[in-house]
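>>> prediction below, plus the sequence it came from.
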Amino acid sequence: GAVVSQHPSWVICKSGTSVKIECRSLDFQATTMFWYRQFPKQSLMLMATSNEGSKATYEQGVEKDKFLINHASLTLSTLTVTSAHPEDSSFYICSARGRTTYEQYFGPGTRLTVT
Amino acid sequence: GEDVEQSLFLSVREGDSSVINCTYTDSSSTYLYWYKQEPGAGLQLLTYIFSNMDMKQDQRLTVLLNKKDKHLSLRIADTQTGDSAIYFCAESGQGSGGYNKLIFGAGTRLAVHP
């Protein structure tokens, strides 16, 4: 099946710094990538959708200047959490979808802890 | 609006069948999905069903869809300890900008005991 990787899997940063998370599709071209966040024992909430070469579309309530998303190629999307605060601590999961399928393939997630 | 609801916890004995239930609100959903999440990991697609189907079986997994009641269930036959995980029901919906997105339930934590 299709494989999606995320890097790093776990990161701790200080309040006020920025953190970049990478999402890669390893064996297929991901025309669309999705970024979710998941709080402990809660469901996944979609943050934004990005198409390769286009600006990301953010869900209501998600600050686009805080969560910068770049989808520069068909295999890579990045999420940068700018000026991170402790309330940004969460599990961030990306997923990717190819051109001809509805199915989303999920990455293993990145746990961000802001101290 | 779009909403997906699931019971939060299910405990079963090893070897028994597990049934996880889900209700959704968006009758225009094209696909409905079941995902599995193990601790500290991402989501693994278990199975999905197209909205014009009533049932789908895949080895130990059976999905039943009652479109009239907007009710979806996942039955796991011969449940094993390795099935212990959180199971998410999801429906397809419209995201901002018209993109297709997934709307997840809160997840059902399945605990399998000897």
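Noted; the coordinates are in hand.
>>> out of the helices and strands in chain B, which is least certain?
strand B:100-104 (a mean of 83; mean pLDDT, DSSP states H and E).
>>> list the buried ones in the longest strand out of those in chain B?
As assigned by DSSP state E, the longest strand anywhere in chain B is strand B:85-94. Of all the residues in strand B:85-94, those buried under the rule 16 or more other C-beta atoms under 10 Å in any protein chain shown are B:Ala85, B:Ile86, B:Tyr87, B:Phe88, B:Cys89, B:Ala90, B:Glu91, B:Ser92, B:Gly93. Yep, even glycine has a C-beta here, placed from its N, CA and C like the rest.
>>> state the pair within the residues you listed that is farthest apart.
B:Ala85 and B:Gly93 (24.0 Å; C-beta to C-beta).
>>> now B:Pro114. Nearest residue, chain neighbours left out?
In this structure, B:Pro114 finds its nearest non-sequential neighbour in B:Glu14, 5.4 Å apart by C-beta to C-beta, 6 or more residues apart in numbering or on different chains.
>>> ok, now which ones touch that neighbour?
Contacts for B:Glu14 (C-beta atoms under 8 Å, 6 or more residues apart in numbering or on different chains) come out as B:Thr79, B:Gln80, B:Thr81, B:Val112, B:His113, B:Pro114.
>>> do the same with B:Thr23
Counting by C-beta under 8 Å, 6+ apart, B:Thr23 touches B:Val4, B:Glu5, B:Gln6, B:Asp69, B:Lys70, B:His71, B:Leu72.
>>> the same query, at a cut-off of 7 Å, please.
B:Glu5, B:Lys70, B:His71 (C-beta atoms under 7 Å, 6 or more residues apart in numbering or on different chains).
>>> where exactly do the strands run in chain B?
B:4-6, B:9-13, B:18-24, B:31-37, B:43-50, B:55-58, B:61-66, B:71-76, B:85-94, B:100-104, B:108-113.
>>> this completes my enquiry, with thanks.
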